[in-house]
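K.L.:
just to be clear, the model below is a prediction. Sequence and coordinates:
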Amino acid sequence: MHITVLGCSGGVGPGLRTTSLLINDDVLIDAGTGTGDLSLAQMCRITDAFITHSHLDHVCGLAFMADNRLGLIDRSLRVHAIPETLNALREHLFNWTLWPDFSRLPDEKNPLLTWHEVRAGEAIHADGYTLTAFKVLHTVPAVGYVLENRDGILAFSGDTGACDELWSALNALPRLDRLIIEVAFANEDERLAQDSRHFTPRRLGQELQHLKHRPQLYLTHHKPGCEAIIEAECRTALAGRDYRHLHRGDVLSL
Ligand SMILES: [Zn+2]
Ligand SMILES: [Zn+2]
């Protein structure tokens, strides 16, 4: 299984794309601006998108992919998310005002998007692997996802601040080989990070004491312009840990 990082920044800018991970060539975890670099053919190959939460930097690609696929492909793109996220997408994005309701286009029998509820803790079987959502703490209801195949287990935190649910879900796993986790803000923005439910390097370093596994860490979602200071602060906060900063275009295998 290959996981291609289409985007992993906390914002946009030259060379920066927001969160989207491509599993093999047909499943997305989140659909941020990183999906905009896919060709039409690649967009048409996507069968499923698993969404962590409703924030625009994680879902805006659904709007443009659905539009691009109109007239090119009959198969629906299945959107999986917790009920609160699905409701937010229907009420606030695909509501005919901000964007057309592509769950009714081109017609109700053959829509471009279909909605599928995800429940935390329930494994969903995909092609040679399973995906399981776990709850995290963000300013809107949010989950992360565990990906598991015969060779190992990878978890993606999505957007989260410090919370017991994150560590208890990860500690319940029999092993954890890789953890993609967000570090959005620098230490000096600790207050902002707490209010917006994100991590700083210092807080992540402290909170990782609760994790019983020692996975390879991949750090994501740095706010544009803060990358260098976050990297410098991680050298102190995560000293002794096996970590690297994730970049657009990176490919992880599991
Ligand atoms: Zn968010
Ligand atoms: Zn985000």
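P.N.:
Perfect, I can see it now. Numbering: from 1, shown residues only. Ligands and ions are numbered 1, 2, ... in the order given.
K.L.:
can you show me the strands along the stretch 151-254 of the chain?
P.N.:
Remark: strands of the stretch 151-254 of the chain, listed N- to C-terminal, are 152-156, 178-182, 216-220, 243-245, 251-253; assignment by DSSP state E, counting those that start in this stretch.
K.L.:
how far off strand 178-182 does the first one point, in degrees?
P.N.:
So that's strand 152-156. Per axes from the mean of the first three to the mean of the last three Cα atoms, to 10 degrees, the angle that strand 152-156 makes with strand 178-182 is 0 degrees.
K.L.:
next to ligand 2, which bits of the stretch 1-150 of the chain? Give me the list.
P.N.:
residue 57 (Cβ under 5 Å from the ion). Bear in mind the C-beta positions are built from the backbone N, C-alpha and C, glycine included.
K.L.:
closest approach to ligand 1 from the stretch 1-150 of the chain, which residue is it?
P.N.:
residue 55 (3.5 Å; Cβ to the ion).
K.L.:
check contacts around that residue.
P.N.:
Contact criterion Cβ atoms under 8 Å, 6 or more residues apart in numbering gives 138, 140, 159 as the residues in contact with residue 55.
K.L.:
so what pLDDT did the first one get?
P.N.:
Looking at residue 138, its pLDDT stands at 98.
K.L.:
just checking, it touches residue 162?
P.N.:
No - taking contacts as Cβ atoms under 8 Å, residue 138 lies outside contact range of residue 162: 11.3 Å.
K.L.:
still on that earlier bit, kindly reformat the strands of the stretch 151-254 of the chain as TSV containing mean neighbour count.
P.N.:
Listed next are the strands of the stretch 151-254 of the chain as TSV, based on neighbours: other Cβ atoms under 10 Å:
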stretch	mean neighbour count
strand 152-156	22
strand 178-182	24
strand 216-220	21
strand 243-245	16
strand 251-253	12
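K.L.:
save these as JSON lines, and put in distance to residue 11 too.
P.N.:
Listed next are these as JSON lines, based on distance: least, Cβ to Cβ, whole Å:
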{"stretch": "strand 152-156", "distance to residue 11": "19"}
{"stretch": "strand 178-182", "distance to residue 11": "13"}
{"stretch": "strand 216-220", "distance to residue 11": "12"}
{"stretch": "strand 243-245", "distance to residue 11": "15"}
{"stretch": "strand 251-253", "distance to residue 11": "22"}
